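Engineer: Next come a sequence and a model predicted from it.
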Amino acid sequence: MTISNVRIQPVDEAVLQPTLRFLTEWVTASEAGAHEHLHDHASGGGSSVVALLGDRVVGIVTIRWQSRFAGFRDHGIPLVHQVSVAGPFRGQGIATRLMDAAEQLARDRGIACLGITVGLFDAYGPAQRMYAKRGYLPDGRGACLGPVPVREGATVTVDHDLIMWLTKDLQ
């Protein structure tokens, strides 16, 4: 099922306050965290696109044009830093439309490869499937705790820090 009346647009001054409310409610749990999420946008270090239903933000995708992860940064691979859709609107094609917009932003900048991370526990199942369907492939380092690969025999806590790094060729 998809919602046809959702508009996709870049974050600008007109949608800044609804975007901050969305980030506070669904992503960061604090207003300061919401502001931090968007802080590098003014300098051009990041870009966000939101999904709007009326004047309400129901989803966001954020790209960091220069990843903080050296493995991506050193190869000029921007990072899709955040993809989030409000709970009641999940499973309706909004994340797909947001990813379409993010990938187009990257193509418009002449970027050949885009990176993303995904968590490895069950709550990330829908995201794992979406990224695979979109052509994102593991970067070959296996499961990681943040940027550090998990070695055979290691004992780890399965939480939001246990991720896999993925890339997609945009050309």
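Structural biologist: It's in.
Engineer: can we go C-alpha only for contacts and neighbour counts from here?
Structural biologist: Noted.
Engineer: Do you have the strands of the protein handy? List them.
Structural biologist: In the chain, strands defined by DSSP state E lie at 7-10, 46-53, 56-64, 79-85, 113-119, 137-138, 144-145, 148-149, 162-169, listed in chain order.
Engineer: by contact count, what packs against the longest one?
Structural biologist: What that stands for is strand 56-64. Where contact means 3 or more CA pairs under 8 Å, 6 or more residues apart in numbering; DSSP states H and E, strand 56-64 is packed against helix 16-23, strand 46-53, strand 79-85, helix 94-108.
Engineer: of all these, which lies closest to Met164?
Structural biologist: Each of the helices and strands packed on strand 56-64 was scored for nearness to Met164 using CA to CA, and the closest is strand 79-85 (12.8 Å).
Engineer: Same list (the helices and strands packed on strand 56-64) but as a markdown table, adding distance to Gly142 and mean neighbour count.
Structural biologist: Putting those into a markdown table (distance: least, CA to CA, whole Å; neighbours: other CA atoms under 10 Å) gives the following:
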| stretch | distance to Gly142 | mean neighbour count |
| --- | --- | --- |
| helix 16-23 | 29 | 20 |
| strand 46-53 | 27 | 23 |
| strand 79-85 | 18 | 22 |
| helix 94-108 | 23 | 19 |
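Engineer: could you dump the helix or strand of the chain with the lowest mean pLDDT to CSV, C-alpha only?
Structural biologist: The weakest-scoring helix or strand in the chain, judged by mean pLDDT, DSSP states H and E, is helix 31-38 (a mean of 88). Provided in CSV are the C-alpha atoms of helix 31-38 (Å, rounded to 0.1, in the frame of the first residue of the first chain):
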residue,chain,number,x,y,z
GLU,A,31,15.3,19.1,20.5
ALA,A,32,19.0,19.6,20.9
GLY,A,33,19.6,16.3,19.1
ALA,A,34,17.2,17.4,16.3
HIS,A,35,19.2,20.6,15.8
GLU,A,36,22.4,18.6,15.8
HIS,A,37,21.0,16.3,13.2
LEU,A,38,20.7,19.2,10.8
